[in-house]
Every structure is written in structure tokens, then in C-alpha cells.
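Undergrad: Using only what follows, build the 3D model:
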Amino acid sequence: MAARRIAQSSINWSALAERVPANQKSSFGAFKTKSDIYVRAVLANPECPPQIDWANYKKLVPVAGLVDSFQKQYEALKVPYPQDKVSSQVDAEIKSSQSEIDAYKKASEQRIQNYQKEIAHLKSLLPYDQMTMEDYRDAFPESALDPLNKPTFWPHTPEEQVGYKSKEQLEAEAQGHH
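TA: Numbers count the residues shown, from 1 in each chain. Okay, here's the model as predicted:
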């Protein structure tokens, strides 16, 4: 019975270390140290147990049949390799999360394209230090001051305008109507 032997760690520690946040580096280092100690302890033992010289024991032990009984029991003993009961669950979880990952990637690519369009638009504009108020109004009509169509009072923030109501006032009015 040849047990599975670990030739080397199947974990890519350097790739894993790149993904560990800075605040968890010490925990990661401790985990890697424990793993290395365990692998060294496993590799310190021989792959197969040493062979027992049953003939020598039969000569030395005076009780007839005792060594034969031990030999039969020893050879009948099989230590099973633990069954892998978790890998299928991990694979299923990976498959179920893969659709979420793909959706996130697709949404991220869309956001990147939108941001690149915004950047291209901003680069196509005049530099802010060269813009006049009219240039700014043409480039950003939603945030520009428009004294003819939408006159505002200084400092031109929503809170300082005539008829402005805070969220609290709007909520109080909404509750007063109920």
C-alpha cells in the first residue's frame, strides 16, 4: 500500500502572497510557517513503513503462533486515505460564483468604457484655466450658472435659493399630509 506522497507544496505561495492585504501579511506569514513545518514533518517520515523481520521474531518469541497472529493482524490492517468530501462542494461554489464574477467583469468593462468616453470628452474641452464662463456653460449646461433662464443667489448652492426645502422639511410635509 503506497500512500500518496507530497513531492512539493502544491500551493503557489508567491501568487497567494500578492493577493493578501497588507493588514493580514503577518497572519499569512504565520500560516505559511505552520504549513512549512507540517510539510517538513511529513517528509521526515519514510513513504512506506519499515519492513518487519517476522522470521527473526519467530525465533525470539517462545510462544507458538503468537508472531503468526500478529503478522496476520498487521498485514490485514489497512489505513484508508481520507476521502475527499469537500472538493465537489468547492467546485460547485466556484461554478455558482463564476456567473457573478463574469457579470461583474462585464459591468466593470462597461464602466471602463464609459469613463474612457468621459476622459476623452474632458480632454477634448478647453483647459479650465482658458475657459470663459460661456465656454463652461456650453460644456457643462447642467452645472453652469444661467442668470437669464435660472437666476440664482450667491453662493449659488441649492440651500441658498428661494423656495428651497431641506429633506427634513419635505419629510415633515409628507407626514403632515397623511
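Undergrad: center of this structure - which residue?
TA: Arg19 (7.9 Å; C-alpha atoms, centre = their mean).
Undergrad: Return the residues in contact with that residue.
TA: Counting by C-beta atoms under 8 Å, 6 or more residues apart in numbering, Arg19 touches no other residue. (Glycine included, C-beta is placed from N, CA and C.)
Undergrad: Backbone dihedrals for it, please?
TA: phi -90, psi -10 (degrees, to the nearest 10).
Undergrad: what's the answer for Lys150, then?
TA: phi -130, psi 70.
Undergrad: What's opposite it in the beta bridge?
TA: Asp146 (DSSP bridges).
Undergrad: neighbours around it, how many?
TA: 9 (other C-beta atoms under 10 Å).
Undergrad: biggest helix in the chain by residues?
TA: helix 87-124 (DSSP state H).
Undergrad: How far away from the center of its chain is that helix?
TA: 15 Å (C-alpha atoms, centre = their mean, to the nearest Å).
Undergrad: Quick check: Trp154 vs Glu160, distance?
TA: 7 Å (C-beta to C-beta, to the nearest Å).
Undergrad: sorry, back to before: pLDDT of the longest helix of the chain, averaged?
TA: Helix 87-124 carries an average pLDDT of 93.
Undergrad: buried sites along the following helix or strand past it?
TA: Sequence order places helix 133-139 as the next helix or strand after helix 87-124, per DSSP states H and E. For helix 133-139, the neighbour count (16 or more other C-beta atoms under 10 Å) marks 136, 139 as buried.
Undergrad: Let me know the next secondary structure element after helix 133-139.
TA: helix 167-177.
Undergrad: what residues does that following helix touch?
TA: Lys165.
Undergrad: mean confidence for it?
TA: On average, helix 167-177 scores 85.
Undergrad: Stretch 34-45 too?
TA: pLDDT averaged over stretch 34-45 gives 87.
Undergrad: what about that stretch, distance to the chain center?
TA: 27 Å.
Undergrad: Quick check: buried residues in that stretch?
TA: Under 16+ other C-beta under 10 Å, stretch 34-45 has no buried positions.
Undergrad: ok, now which residue in this protein is the farthest from the centroid?
TA: Per C-alpha atoms, centre = their mean, the most distant residue from the centre of the chain is Pro62 (64.5 Å).
Undergrad: what about that residue, which SS state?
TA: Here Pro62 is recorded as coil under DSSP: H, G, I helix; E, B strand; the rest coil.
Undergrad: hmm, back to that, Trp154 and Glu160: who's more crowded?
TA: Ranked by neighbour count (other C-beta under 10 Å), Trp154 and Glu160 place Glu160 first, with 11 against 6.
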